[in-house]
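Peer 1: task: produce atomic coordinates for the following.
(2 chains)
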Protein chains: 2
Amino acid sequence: MISRPARPQVRSADDYRDTIEQLLRPLAARPVESVPIAEAVGRLLAEDMRAPIDLPVFRNSAMDGYAVWAGDVAITPVRLPVTGVVAAGDTGEPLAPGTARKVMTGAPLPDGAQCVVPVEDTTAEGGTVHITRGRARGEFVREPGSDVRAGAELVSAGTLLAPRHIAALAAVGLASIPVFAPIRAALIGTGNELVSPGGRLRPGQIYNSNGIALAAALEANGVRVTGVEHSSDDPGQFRRLLRAAAADADLVITTGGVSKGDFEVVREVLIPLGGEFGSVAMQPGGPQGLTVVDGVPVLSFPGNPVSAVVSFEVLARPILRRLSGLGPVPEYELPLLGAVRSSPAGRRQFLRGKLVWKGARPHAVEVVSGPGSHLVASMAAADVLIDIPAEETEMPPGTAVRVWTL
Amino acid sequence: MISRPARPQVRSADDYRDTIEQLLRPLAARPVESVPIAEAVGRLLAEDMRAPIDLPVFRNSAMDGYAVWAGDVAITPVRLPVTGVVAAGDTGEPLAPGTARKVMTGAPLPDGAQCVVPVEDTTAEGGTVHITRGRARGEFVREPGSDVRAGAELVSAGTLLAPRHIAALAAVGLASIPVFAPIRAALIGTGNELVSPGGRLRPGQIYNSNGIALAAALEANGVRVTGVEHSSDDPGQFRRLLRAAAADADLVITTGGVSKGDFEVVREVLIPLGGEFGSVAMQPGGPQGLTVVDGVPVLSFPGNPVSAVVSFEVLARPILRRLSGLGPVPEYELPLLGAVRSSPAGRRQFLRGKLVWKGARPHAVEVVSGPGSHLVASMAAADVLIDIPAEETEMPPGTAVRVWTL
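Peer 2: Numbering: from 1, shown residues only, chains lettered A, B, ... in the order given. The predicted structure follows:
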């Protein structure tokens, strides 16, 4: 169970995000599930993984060549009879002194073999091999456990599993891997005026893009989306969808219905359930709500598509990435290419911007949006949010600003 | 159909990768498929996407407030009768001069309305509103098409679709999106000595990790894996698996069976099919093969798990990322934390390394592997490959080296 949130009145975006983070923190202790290793990439490892076996498992050759006793090649050139070839997986008889056996890279060495002479330093002649350069004891021999010893830690708990981790875990024979269950989030968009993409708009209607956009953003940040629903402005329908979503998710995000207007179904239903609705000093994304329903945090974002995406980026994404074991959102401090004008005083503004590259490094940022929160097209063109502090209203070109990658 | 490769004898990794790139280049012209917008994130857009409608679709309010004629609020304070509320999706009657109508953010404006007075500058009094600050014509009015005009390009062909693109495409009502089919790759690991993870090892056997590791690496780089097979050293079995893999993939990757040993099933089957096998001047990953089977390029990597992963990283990943529309592999030039000793002359070496961070930037790189190609455990600990030029054999601490992120 998660406790009730502190009151979110008008406050800074950072303060408000801290409150959300406190509510979401219990999700760090999520259930552990076992997944087949082939499906474990991108998952967050739940336990330290130790090697159950030595690696290499057996003494083997580091080269294609001839296994020999070291004393037999102390003086070269020398000619030795070849007693066969070690096939992968079959060592054969122990190696007698005064003889050589052909081995391939990775093949087990016969008992008695002390070093391997690479094939480049030999000439095969009938049943014998002519060796032109000697090797000392241990050369080109891989000893058991020289890579990793049984019991040694290979990958530690909390690692986001990359292909290279999968390679190591598979090489020691692990078939299933304990990982944290992903955070599960449900989405509910609200509004009578919303029509699904592909449908026909009647007058006054708009397309419902928030569910699709936020689901994509959640999945891209390690969260499993359990449902994307649309509610009309009917409180009964919204309440039913909300309870169903909360029953099956760790987090619910609603969009729309949060401002001070008269048809605000989200406020209407959630305030009686203890929801706190107020203004966050940011633009876009000012009107926000936070409720705990049946123990599940419910974030209520504004319905405008850009406001909803910016709310997610500023208020939820950094927390969800941390909880999912993903790296922090990349940030830069860069000079503005153009000027910023008429940013609202007292509200931190998140302009949409585009990085300007010089070779492999961004060296400036260009504003691609006005302050209007409805500019979806410019959102598509942007690759960063530009963070304009609350107290700034004008910034000349060249001013250093903080940007967050989208 | 893809033509036969040029002869890959002993040559540099860059030359060899160029040959592979020529073979794979026709994959840039892959089939286009239509996917539901909810599944389009991470896919490569195949056509320029234009907005089929204006956005906003209709003239709407940028604020919660009152729609009025501009002349009626030219002198304030003023009191106007309120003729109802615009519900989302329902504009109602045209607005008569001398009256006001309550509107919510995003709601359509009634015909005749010229500006919106924000609710903060008003007091509702029974059926009238007291307005304390006037607004000019057009203020807080969002005109149709002011975000994007019908016909304007929203997202261009070749864009890797991020959540922000999905948001824009959904907002203009697009339900399905034309994307390039992903590159399809099949994997075949070879060797009698291989046992699947989870199985029991008999003497001389090792776990088969290459298929799982390379499948994870391929998927992480935008490639769809159509199959992961294991072949014994029996040429008939390998040949059958190879034909089946080529029938259903754009690219086949084999592991093992490429060195000059006696049980090299991959060489044995592919050389008669025109395969060119030779050495690439790199370590690990020296022995390589390249064949075109039934028009499908077949890359033959060595079987050692670290050699296989490094072969993928150096010879295939940059090409596959480019073809899949992903960004280039991040590279840095960083000073070595320790010394590099006894790097082989004449072979470019790829050591496994770990970035050392100072705040948000890497400021050095530490070697975590010896040159031995069998060190799977150090691969798990590494996050970069350190590129040691062929001519270098020793490098003191502080030497600047090029590193590639894994």
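Peer 1: specify the local secondary structure of the residue nearest to residue A:167 when sequence neighbours are not counted.
Peer 2: Sequence neighbours aside, residue B:213 is the residue nearest to residue A:167 in space, at 3.5 Å (criterion: CB to CB, 6 or more residues apart in numbering or on different chains). Just so you know, the C-beta spots here come from the backbone N, C-alpha and C atoms, and that holds for glycine as well. Per DSSP: H, G, I helix; E, B strand; the rest coil, the secondary structure class of residue B:213 is helix.
Peer 1: thought residue B:213 was touching residue B:305?
Peer 2: Yes: the pair residue B:213 / residue B:305 is scored as a contact, 6.6 Å apart, by CB atoms under 8 Å.
Peer 1: name the residues contacting each of those two.
Peer 2: Counting by CB atoms under 8 Å, 6 or more residues apart in numbering or on different chains, the residues touching both residue B:213 and residue B:305 are residue A:167.
Peer 1: give the contact list for the residue nearest to residue A:167.
Peer 2: Taking CB under 8 Å, 6+ apart, we find residue B:213 in contact with A:163, A:164, A:166, A:167, A:170, B:305, B:308, B:309.
Peer 1: so how far is residue A:166 from it?
Peer 2: To residue A:166, residue B:213 is 5 Å away according to CB to CB, to the nearest Å.
Peer 1: check residue A:26 too.
Peer 2: Remark: distance between residue A:26 and residue A:166 (CB to CB) = 29 Å.
Peer 1: so which of those two has more stuff around it?
Peer 2: Neighbours per residue (other CB atoms under 10 Å in any protein chain shown) separate residue A:26 from residue A:166, with residue A:166 holding more: 30 against 15.
Peer 1: excluding its backbone neighbours, what's nearest the more buried one?
Peer 2: residue B:216 (4.7 Å).
Peer 1: tell me how many other residues surround that neighbour.
Peer 2: The burial count assigned to residue B:216 is 26, neighbours taken as other CB under 10 Å.
Peer 1: ok, residue A:136 next?
Peer 2: 10.
Peer 1: pLDDT score assigned to it?
Peer 2: Per-residue pLDDT puts residue A:136 at 95.
Peer 1: was I right about it contacting residue A:115?
Peer 2: Yes: Residue A:136 lies in contact with residue A:115 (CB under 8 Å); the separation is 6.4 Å.
Peer 1: now for those two: what residues contact both?
Peer 2: Residues touching both residue A:136 and residue A:115 comprise residue A:70, with contact defined as CB under 8 Å, 6+ apart.
Peer 1: highest neighbour count among the contacts of residue B:213?
Peer 2: The residue in these with the most neighbours, by other CB under 10 Å, is residue B:309 (32 neighbours).
Peer 1: which of the three states applies to residue A:83?
Peer 2: The three-state assignment at residue A:83 reads strand, by three-state DSSP.
Peer 1: so who does it touch?
Peer 2: Applying CB under 8 Å, 6+ apart, the residues contacting residue A:83 are A:93, A:95, A:96, A:99, A:100, A:101.
Peer 1: which of those fall within strands?
Peer 2: Among those, DSSP state E puts A:100, A:101 in strands.
Peer 1: PyMOL command for the buried members of the contacts of residue A:83?
Peer 2: Burial among these is assessed by 16 or more other CB atoms under 10 Å in any protein chain shown; the matching PyMOL selection reads:
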select buried, chain A and resi 95+99+100+101
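Peer 1: tell me the helix or strand right after the helix or strand harbouring residue A:240.
Peer 2: Assigned by DSSP states H and E, residue A:240 belongs to helix A:235-247. Using DSSP H and E, the next helix or strand after helix A:235-247 towards the C-terminus is strand A:251-255.
Peer 1: gap between the two ends of stretch A:35-55?
Peer 2: Taking CA to CA, to the nearest Å as the measure, stretch A:35-55 stretches 23 Å from start to finish.
Peer 1: should've said stretch A:227-245
Peer 2: 7 Å.
Peer 1: the closest residue to residue A:134 other than its chain neighbours and residue A:131, how far apart?
Peer 2: Distance criterion CB to CB, 6+ apart; nearest residue to residue A:134, sequence neighbours excluded, is residue A:73 at 3.9 Å. Residue A:73 sits 6 Å away from residue A:131, going by CB to CB.
Peer 1: give me phi/psi at the nearest residue to residue A:363 once chain neighbours are set aside?
Peer 2: Ranked by CB to CB, 6+ apart and with sequence neighbours excluded, the top spatial neighbour of residue A:363 is residue A:356, at 6.2 Å. Phi and psi for residue A:356, reported as degrees, to the nearest 10, are phi -110, psi 120.
Peer 1: tell me, how many residues neighbour residue A:356?
Peer 2: Around residue A:356 there are 13 residues (other CB under 10 Å).
Peer 1: related to what we said a few turns ago, between residue A:73 and residue A:131, which contacts overlap?
Peer 2: Each of residue A:117 lies in contact with both residue A:73 and residue A:131 under the rule CB under 8 Å, 6+ apart.
Peer 1: helix/strand/coil for residue A:397?
Peer 2: Residue A:397, by the three-state scheme (three-state DSSP), is coil.
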